[in-house]
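*Asks:* quick one: sequence and predicted model below, then my questions.
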Amino acid sequence: MASKVTSAVMRKGLRVLGVAVRTEKGVFTAAVLASALYGGMTVASAWALGWATENVVLPAFDRGDVPSGALWTAVLLIMGAALLKAIGVAGRRILAGLLQYRMQARSRREVTKQYLRLPLAWHHRHPTGQLLSNASADAEAAWAPLAPLPMAVGVIVMLFTAAVAMLITDPVLALVGFLIFPAIAVLNLVYQRRLSPLATRAQQLRAEVSEIAHESFDGALVVKTLGREALETERFRRRAHELRDANIAVGRVRGLFDPMLEALPTLGVLAVLAVGALRLSGGSIDSGDLVQVAYLFTLLAFPIRALGWVLAELPRSVVGWERVQAVLDAKGSMEYGQASLSEAGPAELEVSEVSYSYGTGDVLHDVTFEVRSGRTVALVGPTGSGKSTLVQLLARLVDPPSGRVLLDGVDVRELGYGRVAEAVALVPQQTFLFDDTVRGNVALGLPVDDEEVWAALRLAQADGFVGRLADGLGTRVGERGATLSGGQRQRLALARAVVRRPRLLILDDATSSVDPQVEAKILYGLRDAAEASSVVVVAYRMATIALADEVVYLDRGRVVDRGSHDELLGRCLGYRNLVTAYEREEAERAAVEAEEEEGVSA
Amino acid sequence: MSDVRSIGASAERSALATVRHGLSLTPEFRKGLLVTLALAVVATVGKIIVPIAVQQTIDTGFKGSSADISYITRAVLLCAAAVVLTAFAGYLMNVRLYKATEASLATLRVRGFRHVHDLSVLTQNTERRGALVSRVTNDIDQISTFMQWGGLMIIVAFGQLFVASVLMFVYSWQLTLLVWVCFLPLMVALPRFQRWLSSAYTTVRERTGDMLAAVSESVVGAAVIRAYASERRTADRVDAAVDANKAAQVKAQTIVGFVFPLTEIVAAVALAGIVLLGVRLGMSGDITAGELVAFLFLITLFVSPMQTATEVLNEAQNAVAGWRRVLGVLDTPPDVADPGADGVELPRGPISVAFEDVHFAYPGGVPVLREVSLEIPPRSRVAIVGETGSGKTTFAKLLTRLMDPVSGRVTVDGHDLRAVRFSSLRERIVMVPQDGFLFDGSLEENIRYGKPAADREEILLALTELGLADWLDGLPAGLDTPVGQRGESLSAGERQLVALARAYLADPDLLLLDEATSAVDPATEVRLARALEGVTRGRTAVSIAHRLSTAENADEVLVFDDGRLVQRGAHEELVARPGVYADLHASWISAARS
């Protein structure tokens, strides 16, 4: 991780800043102009005080009188310079903020658009936490140097003006400035180079401490039930102490350089006084000049550090920008064709020699089956047999590297955008609800009235609890539906699917968190109402399988057998073992008991 | 217990009392604080060296038009030495401050963390996890930022204003008065500016939260968004949230932009006033030219405290709020408390349990468990059945002392659960919750969590005994398989298998399963149930049943309905009698056979 201000990082960092400058030309130009005004007026205010000293203060003390014209000119100069400087400062700050926040917002929008555009397969390859931080922390870091950038440009203007002003005033005094100011700049550069790797490490540890706390509190129930509080505290303590030491290391560098950076300009002023006294007694300058240069040193001491702030942010900016850019550069997207589906009524689905892998080993091999119009097919198989992956292919969330999925005889890849979603509704195993109202979550952009929403909720056995919510359909469900139970979330997800009257309904173990009795009601309701749908259902429960016209039995990514439930029971050993496990267990138990009883009676 | 013990924010304390209480908990910070403060004073005095040097150069160095070069040289060298000395004091002060604050806050952090775990499940659940994490991370960071910068700035600012004013007063009381008259209105207005700013920052924080939530939908909801072709709709929601966040940021920055330069204007008014009034005072001999010029330099010492004031006040406010939240955790007494060393140590061996007229209600809620009296003899296998909401899980939580009954008592081996030392209780009684939470790490590390001293052999043996060896063989990386965050790389069923193995490795005398295999496929579940029958022999086993066979295999079935224990007995007896169990049994059968 680039945490040092090396020349390569500097070059990259400046290129990143260049991107912002090109994108927000107008704001950047205005910010720089405001900052230049600030820089120029800072020098001018020192000059005004020098002028006042020479033309007002000293004459007054030397001769005991002062021309009122000079007096009011001095006041005007001081006030005028300050007013213009204040305008420059306000403009610089506001415009720098505008520049930074606009670029941040732009990156966030672009990154999110990219998340929405990239295929689901890409999402599978990237951890959620990383994607979230790309859009938040990285987008923030990438443009962080924009905040001090206009000021830094202003400071360069300030230094240039100051150099000219000092040279005009007195070349010898200017020489003192030419020694001191580069020294401050170099010291600051050394400071930032020493500091940034330490600061990066502290930042990293802060994230790790937070991660441990998150995980540990998430697993609080496990920690408690196993009595592992001390173990967890020890884990946290170790990292918290590393963070403490890293922060102290940062503090040592700060503690060393901050006083030095303050002392250096002060020593500069003292040098100006010593050298200035010599020049003054030699008659090369007047007292006003001396005051002006000394004052300039006092005023410049702080802003000159802004150059260092920009440099300090560059490494973080480069890393952030590269991460954002990696998302924006990501290749691959779902390509859509032009075809549409004309037929109404239940869809026909055909899956032909489909294979799929997540990188290591195939999850699906040569899967072939079809769902005739209006039929219900159950996908059955042990944990990890590839059912959920298959279901994603059917709804075209991912495309298979080989094989085809046909809807009404058309390859789903040839259908236009949105056509699959019109015909197919998938209820995934892991429910996802938006931070929206119940109505918004069910309709999800579909123009349906409340009647239709209620009808869907009834079918999903969700009308009862929704009716009891404070605002009914208008109740917000919270982030990811946090205010609802798992079973309630599943039923809303189900309603979301049925409200669309899909021509193909796909249920991926979609009622697992629902009580068996409620599940039975949902399934019967669906069977009665689903006449306009073909249905694919992933299930273990006998009650669910019983609804299917055909069963496709999957094991380790292959279709082992397909046929009616009874046929498979008869000829497929794996299927029989799986679905009759409970019954056989019961039968064996009964047999054992019978034996025991015989034993007793014998 | 009528009220849920939520984690407070210690809001009843004033800001000052909060800070005092906070400091009393961090002795590392107070130790040597006086030395640090003394060093800070020395460092601050360094700021008036330049004005004094200017004044001395002009007034004493130039007599008439000729310069006293040797005097000026001596004065400058002396001042330079003073500058170096004060810078060194600044260095020492900084290092001491960093060490003291970091040490004390690390202590506070670890204490807060431990205390969160010591709070009862109910108390923990009164707050979102993220907010709880914040109390031991961000809130503490805010305190440390303040102690290392804002708090220091307050001291420096007051010191700076004080020494500058004293020096000014020595030079001219009239001009000192003028300077204070100029700056006083600004000082009075600053807290108001800070309030504007603080409310603007609050809005920024809220909008940032909304923005992050909106962005996360596009990632976490990726599958659903594609399945329902709602990319456009989601993008619009994100755009709106991002723009609202940007608008709030720009607004806050605009306030800063207007407030910050006010000081420049006030300083200019003061400077002009000094020149105007100063020359008049000079002409009447009340002040020297050097003193007047020194005033011009002293004004700069008024500028920086004013410019940083709003930010410092903001930080102070955040720090006090942070302190309140951290202390809020530490001040919340665990309502399910560990009797600690005074507690009873249970000897090893099969456990018997008794509930004596136990009542339970969630705070502010209706009773969920009423008049429950029962005993579970050692080595027995008990199944708990009942519909959702009948009180099964509450029973489990009381038995494992995740909660205490409102009235009545729960005893193990004759000891009230409240008197049993946690270390002993958690070792003897282990519950496997329905949601198999795993830590980010390997399978092996997660199972070892049940018994930290276990070696690989023991873990493999445990898996074999549970009949899970085949499942393990099917995993490409075996015990080294990474489980991902919260175990999410595994399926829900596999997570449950790991959680079960973890609890089994802990080797408890009473194992409590709360629908612990509900997501496992039927064939595996049956295998597991059979294995469990074997390994729990000689232990007490309590299972909350989600299917028939668990109840059928139990020595005794406890039937809960609407918070009461309504039936108990063997499966055969219960099923033969009309009642809740017979009804439940019928619905199970019909679900399985339909």
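*Replies:* Structure received. Being a predicted model, the structure only gives us computed values, none of them experimental. Numbering: from 1, shown residues only, chains lettered A, B, ... in the order given.

*Asks:* state which one residue of the stretch 401-550 of chain A is found closest to chain B.
*Replies:* residue A:421 (3.5 Å; Cβ to the nearest Cβ). The way it works is simple: take the backbone N, C-alpha and C, and place the C-beta from them, glycine included.

*Asks:* list the contacts of that residue.
*Replies:* B:226, B:227, B:228, B:229 (Cβ atoms under 8 Å, 6 or more residues apart in numbering or on different chains).

*Asks:* can you verify residue A:404 is assigned to a helix?
*Replies:* No - counting by DSSP: H, G, I helix; E, B strand; the rest coil, one finds residue A:404 to be strand, located in no helix.

*Asks:* quick one: low-confidence ranges for the chain?
*Replies:* Answering for chain A, as no chain was given. A:1-5, A:359-361, A:482, A:515-516, A:530-531, A:586, A:589, A:593, A:596-602 (pLDDT under 70).

*Asks:* um, chain B though
*Replies:* B:1-5, B:8-12, B:63-66, B:590-594.

*Asks:* residue closest to the middle of it?
*Replies:* Taking Cα atoms, centre = their mean as the criterion, residue B:135 is the residue nearest the geometric centre of chain B, at 2.4 Å.

*Asks:* quickly find the element holding that residue.
*Replies:* helix B:129-136 (DSSP states H and E).

*Asks:* give the buried residues for that helix.
*Replies:* B:129, B:132, B:133, B:134, B:135, B:136 (16 or more other Cβ atoms under 10 Å in any protein chain shown).

*Asks:* using the three-state scheme, assign the residue of the stretch 401-550 of chain A closest to chain B.
*Replies:* helix.

*Asks:* again with residue B:239
*Replies:* Per three-state DSSP, residue B:239 ends up helix.

*Asks:* relative to chain A, how far out is it?
*Replies:* Residue B:239 is 6 Å from chain A, where distance means Cβ to the nearest Cβ, to the nearest Å.

*Asks:* from what I can see that residue touches residue A:110, true?
*Replies:* No - using Cβ atoms under 8 Å, residue B:239 is not in contact with residue A:110, being 10.8 Å away.

*Asks:* next, count neighbours for residue B:192.
*Replies:* 11 (other Cβ atoms under 10 Å in any protein chain shown).

*Asks:* what's the helix or strand for it?
*Replies:* Going by DSSP H and E, residue B:192 is in helix B:173-220.

*Asks:* just checking, what packs against the helix or strand harbouring residue A:524?
*Replies:* Per DSSP H and E, residue A:524 falls inside helix A:516-529. Judged by 3 or more Cβ pairs under 8 Å, 6 or more residues apart in numbering or on different chains; DSSP states H and E, the packing partners of helix A:516-529 are helix A:450-459, helix A:486-498, helix A:542-545, helix B:580-593.

*Asks:* how about 10 Å then?
*Replies:* helix A:450-459, helix A:486-498, strand A:504-508, strand A:534-538, helix A:542-545, helix B:580-593 (3 or more Cβ pairs under 10 Å, 6 or more residues apart in numbering or on different chains; DSSP states H and E).

*Asks:* what angle do the fourth one and strand A:504-508 make?
*Replies:* Strand A:534-538 and strand A:504-508 meet at an angle of 10 degrees, taking axes from the mean of the first three to the mean of the last three Cα atoms, to 10 degrees as the criterion.

*Asks:* surely residue A:188 and residue A:257 touch.
*Replies:* Yes - the pair residue A:188 and residue A:257 passes the contact test of Cβ atoms under 10 Å, sitting 7.9 Å apart.

*Asks:* can you list residues touching both of those two?
*Replies:* Residues touching both residue A:188 and residue A:257 (Cβ atoms under 10 Å, 6 or more residues apart in numbering or on different chains) are residue A:308.

*Asks:* residues contacting residue B:358?
*Replies:* For residue B:358, counting by Cβ under 10 Å, 6+ apart, the contacting residues are B:369-374, B:394-395, B:398-399, B:404-410, B:565.

*Asks:* is it in a helix, a strand, or coil?
*Replies:* strand.

*Asks:* how does the chain divide into domains?
*Replies:* Since you didn't name a chain, this refers to chain A. A:7-329, A:349-590 (automatic domain parsing).

*Asks:* that was the other one, I meant chain B.
*Replies:* Taken from automatic domain parsing, chain B resolves into B:14-170, B:353-567.

*Asks:* for chain A, what's the longest helix?
*Replies:* Among the segments of chain A that qualify as a helix by DSSP state H, the longest is helix A:229-281.

*Asks:* which helix or strand lies directly C-terminal to that one?
*Replies:* helix A:287-300.

*Asks:* so is that next one next to chain B?
*Replies:* Yes - against chain B, helix A:287-300 shows contacts by Cβ under 10 Å from any Cβ of the partner chain at A:287, A:288, A:290, A:291, A:294, A:295, A:297, A:298, A:299.

*Asks:* a markdown table for those residues, including neighbour count?
*Replies:* Shown next, in a markdown table, are the residues of helix A:287-300 next to chain B (neighbours: other Cβ atoms under 10 Å in any protein chain shown):
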| residue | neighbour count |
| --- | --- |
| A:287 | 21 |
| A:288 | 21 |
| A:290 | 28 |
| A:291 | 27 |
| A:294 | 27 |
| A:295 | 26 |
| A:297 | 27 |
| A:298 | 20 |
| A:299 | 20 |
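
*Asks:* where do the strands sit along the chain?
*Replies:* No chain in the question, so chain A it is. Counting by DSSP state E, chain A has strands at residues A:349-357, A:362-371, A:376-380, A:402-407, A:410-411, A:424-427, A:504-508, A:534-538, A:550-555, A:558-563.

*Asks:* my question was about chain B
*Replies:* So, for chain B - with DSSP E - the strands run B:62-63, B:66-67, B:353-361, B:367-376, B:381-385, B:407-412, B:415-416, B:429-432, B:510-514, B:540-544, B:556-561, B:564-569.

*Asks:* just to revisit the earlier point, so for residue B:302, which of the domains of chain A sits nearest?
*Replies:* Residue B:302 lies closest to domain A:7-329 among the domains of chain A, at 12.9 Å (Cβ to Cβ).

*Asks:* endpoints of that closest one, how far apart?
*Replies:* Terminal residues of domain A:7-329 lie 25 Å apart, using Cα to Cα, to the nearest Å.

*Asks:* tell me the angle of the longest helix anywhere in chain B relative to helix B:129-136?
*Replies:* Longest helix of chain B, by residue count under DSSP H: helix B:69-118. Orientation check (the same axes, to 10 degrees): helix B:69-118 against helix B:129-136 gives 140 degrees.
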